[in-house]
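Visitor: What shape does this take:
(2 chains)
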2 protein chains.
Amino acid sequence: MTTDTFPKGATATATVDGATVRLNGFCKGSGMIAPDMATMLAYLFTDASLPASVMQPLLATAAEISFNSMTIDGDTSTSDTLLLCATQQVRHAAITSAADPRLSDFRRALAEICGGLAKQLARDGEGAEKFVTIEVSGAENYRAARRIGLTIGNSPLVKTAIAAGDANWGRIVMAVGRAGEKADRDRLSIAVGGIQIASEGAPVPGYNETPVAEHMQGREIHIAVDLGIGPGRATVWTCDLTHGYVDINGSYRS
Amino acid sequence: MTTDTFPKGATATATVDGATVRLNGFCKGSGMIAPDMATMLAYLFTDASLPASVMQPLLATAAEISFNSMTIDGDTSTSDTLLLCATQQVRHAAITSAADPRLSDFRRALAEICGGLAKQLARDGEGAEKFVTIEVSGAENYRAARRIGLTIGNSPLVKTAIAAGDANWGRIVMAVGRAGEKADRDRLSIAVGGIQIASEGAPVPGYNETPVAEHMQGREIHIAVDLGIGPGRATVWTCDLTHGYVDINGSYRS
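Guide: So this is what the prediction gives:
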């Protein structure tokens, strides 16, 4: 059984040692579903001639900034799968290290298709009506930034506010605090839909909620949070929490 | 503004050094609401003659096993408040240490009213239709047990299954794994409504879902999880995740 509503695929090309290689991937998943069902499965293929020992670290890195930066409901699955297979149809010099500089374009392409698939998963989250991008900057480091982004993305209060088109930035502040990472209320800046709401801990003078509320009525929501304390940046993707999610996960067996 | 649907109070008596003292408490809260609203507030009063230095550690301990063992949606608040005031109307010997053995009954009574109030909060969770008790045993220690209980209690998949009356124990297993505490699938036992479903990692022979499904249709849900690896025990209270929660948190300003 699947609750996916559309097929998810991504493709990219990269140059490895002068040869053009292709990467294709597809995946399924729309809830971080429990072990009695199929769940997030992603299969990637490339015609590059790369051994598993090279691809494994590349894939782990790409997964961090794509599949592991996406959340639908915070519930992880026991059978999530991400595979990368090389058909070795394109001939190029043998590469034996993931750190080989000739892999830089391949690394970029791999991140591109993983990110593309992860975004499709979030967009098709169970019951989702809105796709949400959360950009966190100014955090202590990358892991802190991602954790703050995922905490915002998993907050039922943020997700229900988004479902309702409510420009409730107080809930974003709450989620930043709840993440447990280093933060300073007096340095926190928040923008929604590109419109600055709070800067360094205070509402922007003359803040007008109307354009933010208009953005929140749309189907593509953008939240930017700047902690103002460090160099850490991360982008996280999620969806809203709707009646559809409650329905799908209450009634899938009936 | 409040989304509480009923007033919440609790009372208890205790003997301190031969004198009978009373404890009364009341609280409000039904979502771990964002900073733009009032939220979980609890005020306790006792006529015991105890100084703040004695009551503070007693209250911290009681809070751990009551308010801090309860979750509605996992979203913490910036203004949660728990106060204990002593009116000193009852005369008894001066007690200057929270470890004084003459406080053992007071400690019991304090835990009783804190637990009673915490359970009322969970029962009145925003949109809640069911009150859920999660008893975790056999965990590595108390903190691990409580964290596992809270992870189960915060799982949107577990909470939507409960809302729908679905005896989906796979989701409980998922949440145990997601908690990140020490666990061994082959030692895990689960009971719902007092009916054993899985024992030491395997479904109980001849498991019949019907009585469990009947329990899940009720309004008082009991989940027991035994990790089978240590002495840690904890009880956590929560509620289900319903359409009502999505409504309340999407429309509170309209």
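Visitor: Look at the closest residue in space to A:Asn249 that isn't next to it in sequence and tell me its secondary structure.
Guide: Nearest residue to A:Asn249, sequence neighbours excluded (Cβ to Cβ, 6 or more residues apart in numbering or on different chains): B:Thr160, at 3.8 Å. Quick note: C-beta positions are derived from backbone N, CA and C, even for glycine. Following DSSP: H, G, I helix; E, B strand; the rest coil, the label given to B:Thr160 is helix.
Visitor: mind listing what B:Thr160 touches?
Guide: The contact partners of B:Thr160, by Cβ atoms under 8 Å, 6 or more residues apart in numbering or on different chains, come to A:Tyr245, A:Val246, A:Asn249, A:Gly250, B:Asp240, B:Leu241.
Visitor: switch the cut-off to 7 Å
Guide: B:Thr160 makes contact with A:Val246, A:Asn249, A:Gly250, B:Leu241 under the criterion Cβ atoms under 7 Å, 6 or more residues apart in numbering or on different chains.
Visitor: Among these, which are located in helices?
Guide: Among the contacts of B:Thr160, the residues falling in helices (DSSP state H) are A:Val246, A:Asn249, A:Gly250.
Visitor: Neighbour-wise, which one of the residues you listed leads?
Guide: A:Asn249 (28 neighbours; other Cβ atoms under 10 Å in any protein chain shown).
Visitor: what does chain A put close to chain B?
Guide: Selection of chain A residues close to chain B by Cβ under 7 Å from any Cβ of the partner chain yields A:34-36, A:73-78, A:155-157, A:160-161, A:163-164, A:166, A:168, A:170-171, A:173-174, A:177-178, A:241-243, A:246, A:249-251, A:253.
Visitor: from these, which ones fall inside helices?
Guide: When helices are assigned by DSSP H, the members of these inside them are A:156-157, A:160-161, A:163, A:170-171, A:173-174, A:177-178, A:243, A:246, A:249-251.
Visitor: how long is stretch A:72-90 end to end?
Guide: In terms of Cα to Cα, to the nearest Å, the two terminal residues of stretch A:72-90 are separated by 37 Å.
Visitor: tell me the mean pLDDT for it?
Guide: Taken as a whole, stretch A:72-90 has a mean pLDDT of 78.
Visitor: just stretch A:20-27 next, same as before
Guide: Per-residue pLDDT values across stretch A:20-27 average out to 76.
Visitor: try stretch A:173-185
Guide: In this model, stretch A:173-185 carries a mean pLDDT of 91.
Visitor: Now do the buried residues in that stretch.
Guide: Going by neighbour count (16 or more other Cβ atoms under 10 Å in any protein chain shown), the buried part of stretch A:173-185 is A:Val173, A:Met174, A:Ala175, A:Val176, A:Gly177, A:Arg178, A:Ala179, A:Glu181, A:Ala183.
Visitor: try stretch A:224-240
Guide: Along stretch A:224-240, the positions that meet the burial threshold by neighbour count (16+ other Cβ under 10 Å) are A:224-230, A:232-240.
Visitor: Distance to B:Glu126 added to the buried residues of stretch A:173-185, as a markdown table?
Guide: Below are the buried residues of stretch A:173-185 laid out as a markdown table (distance: Cβ to Cβ, whole Å):
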| residue | distance to B:Glu126 |
| --- | --- |
| A:Val173 | 19 |
| A:Met174 | 15 |
| A:Ala175 | 17 |
| A:Val176 | 22 |
| A:Gly177 | 20 |
| A:Arg178 | 17 |
| A:Ala179 | 22 |
| A:Glu181 | 27 |
| A:Ala183 | 26 |
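Visitor: what are the phi and psi values for A:Asp219?
Guide: Small correction: residue A:219 is Arg, not Asp. The main-chain torsion angles of A:Arg219 are listed as degrees, to the nearest 10 and equal phi -100, psi -10.
Visitor: Spatially, what comes nearest to it if we skip its sequence neighbours?
Guide: In this structure, A:Arg219 finds its nearest non-sequential neighbour in A:Lys130, 5.2 Å apart by Cβ to Cβ, 6+ apart.
Visitor: Contacts only, for the one you found.
Guide: A:Ile162, A:Ala163, A:Arg219, A:Ile221, A:Cys239, A:Asp240.
Visitor: how about these, which pair is most distant?
Guide: Using Cβ to Cβ, the pair of those lying farthest apart is A:Ala163 and A:Arg219, separated by 11.2 Å.
Visitor: what residues do those two have in common as contacts?
Guide: Here A:Ala163 and A:Arg219 have A:Glu129, A:Lys130 as joint contacts, going by Cβ under 7 Å, 6+ apart.
Visitor: Any buried residues in stretch A:207-227, and which?
Guide: Result for stretch A:207-227 [16+ other Cβ under 10 Å]: buried residues A:Val212, A:His215, A:Met216, A:Ile221, A:His222, A:Ile223, A:Ala224, A:Val225, A:Asp226, A:Leu227.
Visitor: Mind checking which of the residues you listed are in strands?
Guide: Among those, the members falling in strands (DSSP state E) are A:Ile221, A:His222, A:Ile223, A:Ala224, A:Val225, A:Asp226.
Visitor: quick revisit: could you measure the residue nearest to A:Arg219 against A:Gly244, distance?
Guide: In this structure, A:Lys130 and A:Gly244 are 11 Å apart, going by Cβ to Cβ, to the nearest Å.
Visitor: check contacts around A:Pro211.
Guide: Residues near A:Pro211 by Cβ under 7 Å, 6+ apart: A:Ile195.
Visitor: 8 Å instead?
Guide: Under the criterion of Cβ under 8 Å, 6+ apart, the neighbours of A:Pro211 are A:Gly193, A:Ile195.
Visitor: Which pLDDT does the model give it?
Guide: In this prediction, A:Pro211 has a pLDDT value of 93.
Visitor: if we can go back for a sec, a markdown table please, covering the ones in strands among the buried residues of stretch A:207-227 and showing pLDDT.
Guide: Supplementary listing: these in a markdown table, determined by pLDDT from 0 to 100:
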| residue | pLDDT |
| --- | --- |
| A:Ile221 | 96 |
| A:His222 | 97 |
| A:Ile223 | 97 |
| A:Ala224 | 97 |
| A:Val225 | 97 |
| A:Asp226 | 97 |
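Visitor: Distance to A:Lys8 added to these, as JSON lines?
Guide: Formatted as JSON lines, these follow (distance: Cβ to Cβ, whole Å):
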{"residue": "A:Ile221", "distance to A:Lys8": "20"}
{"residue": "A:His222", "distance to A:Lys8": "21"}
{"residue": "A:Ile223", "distance to A:Lys8": "23"}
{"residue": "A:Ala224", "distance to A:Lys8": "26"}
{"residue": "A:Val225", "distance to A:Lys8": "27"}
{"residue": "A:Asp226", "distance to A:Lys8": "31"}
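Visitor: So which of those is the closest to B:Thr96?
Guide: Of all these, the one with the least separation from B:Thr96 (Cβ to Cβ) is A:Val225, at 47.1 Å.
Visitor: from memory that closest one sits against A:Glu135, does it?
Guide: Yes. When contacts are counted by Cβ atoms under 8 Å, A:Val225 is listed as touching A:Glu135 (7.3 Å).
Visitor: Next, show the common contact partners of these two.
Guide: Taking Cβ under 8 Å, 6+ apart as the contact criterion, the residues that touch both A:Val225 and A:Glu135 are A:Gly149.
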